[in-house]
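Q: Provided below are the primary sequence and the corresponding predicted coordinates.
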Amino acid sequence: MGLIRFRLLLAVLVAALVWLVWRELRPRIPAADPPALLMQVRQLQQLATVRYTLQKIVGIREPKLPVGEESILLIMQATVEAGVDLTGLQERDIVTRDGTLFLRLPRGRILNVIVDDKETKVWDRQKTWWAPWIPYSLDLEQRARLAGREAIEKAAADMGIAGQAERNAESSIKALLALAGIRNVVVTFGGS
């Protein structure tokens with residue numbers, strides 16, 4: 001009976017010692033301080049989380065006076081970056097409650113459209129053959145480029161780039177906060 005008591009007492013002491021050592025050596029989870037987190041997240045500024053490369057063919061026709069027309073066919077390539085703009089975050093967008101960090105981020109949006117001039121080419125440019133005295137328009141190519149940029153931006157939006165940017169931003173922010181020891185994070189969109 002004495003040996004059983006001794007072993008039981010020894011087991012309780014070993015368990016208590018293991019618990020105390022574990023408590024002292026476990027990673028410390030910092031308290032989520034909303035103003036400090038706000039400052040850190042704002043420093044990210046624009047968080048670009050998705051990038052699409054798109055190509056569009058743009059055609060423009062311009063009537064000439066008194067007769068004829070000029071046309072251009074442009075093949076345009078651009079990179080579209082989307083993400084969230086974190087510069088407008090407010091303190092009310094970061095709340096801690098019951099050990100959980102609630103973070104409200106702005107909606108995902110297109111941040112940049114970068115036209116690749118090396119891959120953008122005028123495929124065809126013509127004017128009416130029976131009106132050779134009509135000069136080429138100096139700004140027709142520029143207008144085609146602007147139309148192409150708008151078409152690429154619209155195509156990216158139609159493909160769901162903003163939603164993909166939000167999903168990627170959520171996982172990136174959660175991973176970043178996990179590195180800081182903050183594991184319970186709920187991210188919503190529609191803030192600031």
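A: Nice, thanks for sending it over. Numbering: from 1, shown residues only.

Q: how much space between the residue nearest the centre of the chain and Ser71?
A: Closest to where the C-alpha atoms of the chain average out (CA atoms, centre = their mean) is Gly83, at 2.0 Å. As for Gly83, its distance to Ser71 is 37 Å (criterion: CB to CB, to the nearest Å). (Glycine included, C-beta is placed from N, CA and C.)

Q: and for Arg145?
A: 15 Å.

Q: and those two? Which one has more around it.
A: Just comparing Arg145 and Ser71: by other CB atoms under 10 Å the higher neighbour count belongs to Arg145, 20 against 15.

Q: which element is that one on?
A: Assessed by DSSP states H and E, Arg145 sits inside helix 140-158.

Q: tell me which residues form a beta bridge with Ala78?
A: Using DSSP bridges, the bridge partners assigned to Ala78 are Leu54, Val115.

Q: check contacts around it.
A: By CB atoms under 8 Å, 6 or more residues apart in numbering, Ala78 lies in contact with Thr53, Leu54, Lys56, Val113, Ile114, Val115, Asp116, Thr120, Gly148, Arg149, Ile152.

Q: surely the third one meets Ala155?
A: If I follow you right, that is Lys56. Yes - between Lys56 and Ala155 a contact is recorded at 6.6 Å, counting by CB atoms under 8 Å.

Q: circling back: buried sites along the helix holding Arg145?
A: Within helix 140-158, the residues that count as buried by 16 or more other CB atoms under 10 Å are Leu140, Glu141, Ala144, Arg145, Ala147, Gly148, Arg149, Ala151, Ile152, Glu153, Ala155, Ala156.

Q: Val186: neighbour count?
A: 13.

Q: CA atoms of stretch 170-177 as PDB?
A: C-alpha atoms of stretch 170-177 as PDB (Å, rounded to 0.1, in the frame of the first residue of the first chain):
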ATOM      1  CA  GLU A 170      -7.700  37.000 -46.100                       C
ATOM      2  CA  SER A 171      -5.300  34.000 -46.200                       C
ATOM      3  CA  SER A 172      -2.200  36.400 -46.400                       C
ATOM      4  CA  ILE A 173      -3.300  38.500 -43.400                       C
ATOM      5  CA  LYS A 174      -4.200  35.400 -41.300                       C
ATOM      6  CA  ALA A 175      -0.800  33.900 -42.100                       C
ATOM      7  CA  LEU A 176       0.900  37.200 -41.200                       C
ATOM      8  CA  LEU A 177      -1.000  37.500 -37.900                       C
END
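
Q: that concludes my questions; thank you for your assistance.
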